[in-house]
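**Student:** quick one: sequence and predicted model below, then my questions.
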Amino acid sequence: MSSDSMITQAMDGSRIDGGLYTDVTDFARHTHWLNSAMSAYTSYGVGLFALFMLAGWWMSRRAGSATMAVALATPVAAVLAYLLNDGIKSAFAEPRPCRALPHDFLIEACPAPSDYAFPSNHTTVVAAVAAALFLVNRRLGAVAVLAALVMGFSRVYVGAHYPHDVLVALVVGTAAGLAIAWAARRYGAIPVTRLRSGVLRPVLTAPSPTHARTAVR
């Protein structure tokens, strides 16, 4: 089957919110001063969420075992959210907007026809991380949520996704992140408590001020 016939049988995202997509890419066309920053963030911003996860683990060393369990499960949430989202992508097989609307302004190069659009993988993964981290530390979670929203917008801004690709990805990622975080909080506290009393104690528990002073002496 040719790629053209596959496209005609797939989900046509341009009929859902192609006009809004064009509005956003037109905005990108007229804000060249922002293009480089958005391109860099959409390509490398996922790395920022790795730092957020490290921060969540560090903060959790002074928190309860349930919170530490959620921090440790956050990378798992990111991976599972990606796998879930990839399955949805394959099921709907929505062509990228650059194929349905080839004359719209693009910053990111148009990928291969087999690289589908719905939902956005980038947005799903960062939304899962942000949702899980919100149960680790609300301030850190709030920063991660804001960064996830910017990531979602950047995917439309550079021309990689329709707005509905991003909105559904936010829902999928948030649901996956909260589900894994809930399971970790519910079932992971006891194992973490046991690990904290063993050789992993320095990794999972911050030293108390008294212990730290004694070590210095």
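**Tutor:** Structure's in. What do you need?

**Student:** quick one: low-confidence residue ranges for this protein.
**Tutor:** 1-11, 204, 208-217 (pLDDT under 70).

**Student:** can you pull out the strands in it?
**Tutor:** Using DSSP state E, the chain contains no strands.

**Student:** next up, the contacts around Gly56.
**Tutor:** Shown in contact with Gly56 (CB atoms under 8 Å, 6 or more residues apart in numbering): Ala71, Thr74, Leu133, Val136, Asn137, Leu140. For glycine as for every other residue, the C-beta is placed from the backbone atoms N, C-alpha and C.

**Student:** one more time with 10 Å, if that's ok
**Tutor:** 63, 67-68, 70-72, 74-75, 129, 132-137, 140-141, 144 (CB atoms under 10 Å, 6 or more residues apart in numbering).

**Student:** can you tell me the centre-most residue of this structure?
**Tutor:** In the chain, the centroid-proximal residue (CA atoms, centre = their mean) is Val126; its distance is 1.3 Å.

**Student:** what's the closest non-adjacent residue to that residue?
**Tutor:** Leaving aside its chain neighbours, Val126 sits nearest to Ala148 (4.3 Å; criterion: CB to CB, 6 or more residues apart in numbering).

**Student:** could you do Val168 as well?
**Tutor:** Val168 sits nearest to Pro119 (CB to CB, 6+ apart), 4.3 Å away.

**Student:** mind listing what's buried in the lengthiest helix in the chain?
**Tutor:** In the chain, taking DSSP state H as the definition, the longest helix is helix 65-92. By 16 or more other CB atoms under 10 Å, the buried positions in helix 65-92 come out as 65-78, 80-82, 84-85, 88-89, 92.

**Student:** same check on stretch 183-196?
**Tutor:** Ala184, Arg185, Gly188, Ala189, Val192, Leu195, Arg196.

**Student:** okay, that stretch in PDB with CA atoms only?
**Tutor:** What follows is stretch 183-196, C-alpha atoms only, in PDB (Å, rounded to 0.1, in the frame of the first residue of the first chain):
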ATOM      1  CA  ALA A 183       0.200   3.100  42.700                       C
ATOM      2  CA  ALA A 184       3.700   4.000  43.900                       C
ATOM      3  CA  ARG A 185       2.300   5.900  46.900                       C
ATOM      4  CA  ARG A 186      -0.100   3.000  47.700                       C
ATOM      5  CA  TYR A 187       2.300   0.000  47.200                       C
ATOM      6  CA  GLY A 188       5.800   1.500  47.300                       C
ATOM      7  CA  ALA A 189       6.000   3.000  50.700                       C
ATOM      8  CA  ILE A 190       6.800  -0.300  52.600                       C
ATOM      9  CA  PRO A 191       9.500  -1.400  50.200                       C
ATOM     10  CA  VAL A 192      11.100   2.000  50.300                       C
ATOM     11  CA  THR A 193      11.000   2.000  54.100                       C
ATOM     12  CA  ARG A 194      12.900  -1.300  54.100                       C
ATOM     13  CA  LEU A 195      15.500  -0.100  51.600                       C
ATOM     14  CA  ARG A 196      16.000   3.000  53.700                       C
END
